[in-house]
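**Q** Got a predicted structure here, sequence first:
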Amino acid sequence: MVVIELGQKILRASITIPTIEIWNEDTFNILFRQIEYYWISGYFGKKDDLLNLIDKLEKWVRHIQKQADHGFKYLYDNPAEGIENSFMMYENEVVLNDNTVFVRLDNMTAVYITYNLLSLLITQDPALCRSVEQYMHVLMRKSNLISLSGSKARNRFFNKLLFTIEQSKGRLNLS
């Protein structure tokens, strides 16, 4: 139970941290291809496990859409209360096959870069951090802001994600 309590404490803290996220629908498509692979390869113990995972993913997508609409993060199944304008979400149509994280905290910067699928490189090298920060700013300028004001683009983006879920259910004979 200690692990669950710690996880909940981390989650409550994380939703108070102002964040900017740049999403691409292909990232979600890759996730579903992985799920399909694991299902077909027999890594799920029961069909119910797969159905439960897909149900949770659909709820997660809908929750993120609501957070983008409000412009702040909040706990699932709780009232939409949070720090105004603390969550900015962008859609970029260029394929982004990494999950690079840039962190700025007062005068400290850090970059977290995934490589070899599951490995993580963490650095505070000033030159690399500056380069990643500049790249992120350029990427944001070339992306569509879909949180708060971009309701048409936001709905289009999330409808594509939800359609991907429905397509996957069909391919896996779950509909």
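**A** Sure thing, it's come through. This structure is a prediction, so every number in the text was calculated from the model and none was measured.

**Q** tell me which residues in stretch 51-66 are buried?
**A** Ile54, Leu57, Ile64, Gln65 (16 or more other C-beta atoms under 10 Å). For every residue, glycine as well, the C-beta is placed using N, CA and C.

**Q** Next, give me the two most distant ones among those residues.
**A** Ile54 and Gln65 (16.7 Å; C-beta to C-beta).

**Q** In the chain, where's the longest helix?
**A** Among the segments of the chain that qualify as a helix by DSSP state H, the longest is helix 47-70.

**Q** tell me the strands in the protein, going along the chain?
**A** 19-23, 87-91, 101-105, 108-115, 119-123, 144-145 (DSSP state E).

**Q** Could you provide these in JSON lines, with additional columns for mean neighbour count?
**A** As requested, these are arranged in JSON lines below (neighbours: other C-beta atoms under 10 Å):
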{"stretch": "strand 19-23", "mean neighbour count": "16"}
{"stretch": "strand 87-91", "mean neighbour count": "22"}
{"stretch": "strand 101-105", "mean neighbour count": "13"}
{"stretch": "strand 108-115", "mean neighbour count": "14"}
{"stretch": "strand 119-123", "mean neighbour count": "11"}
{"stretch": "strand 144-145", "mean neighbour count": "16"}
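
**Q** For Val138, which of these is the nearest?
**A** So among those, strand 19-23 is nearest, using C-beta to C-beta, at 11.0 Å.

**Q** Sheet-wise, list the partners of that closest one with their directions.
**A** Here strand 19-23 has these sheet partners by DSSP bridges: strand 87-91 (parallel).

**Q** Put the alpha carbons of the strand it pairs with into PDB.
**A** Coordinates of the C-alpha atoms in strand 87-91 are reproduced here as PDB (Å, rounded to 0.1, in the frame of the first residue of the first chain):
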ATOM      1  CA  PHE A  87      -1.300  23.200 -19.000                       C
ATOM      2  CA  MET A  88      -0.500  24.100 -22.600                       C
ATOM      3  CA  MET A  89      -1.000  21.400 -25.200                       C
ATOM      4  CA  TYR A  90       0.200  21.600 -28.800                       C
ATOM      5  CA  GLU A  91      -0.400  19.300 -31.700                       C
END
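
**Q** Average pLDDT for it, rounded please.
**A** Averaging pLDDT along strand 87-91 gives 95.

**Q** Now do it: everything it contacts.
**A** 18-25, 64, 67-68, 70-73, 139-140, 143-148, 153-154, 157 (C-beta atoms under 8 Å, 6 or more residues apart in numbering).
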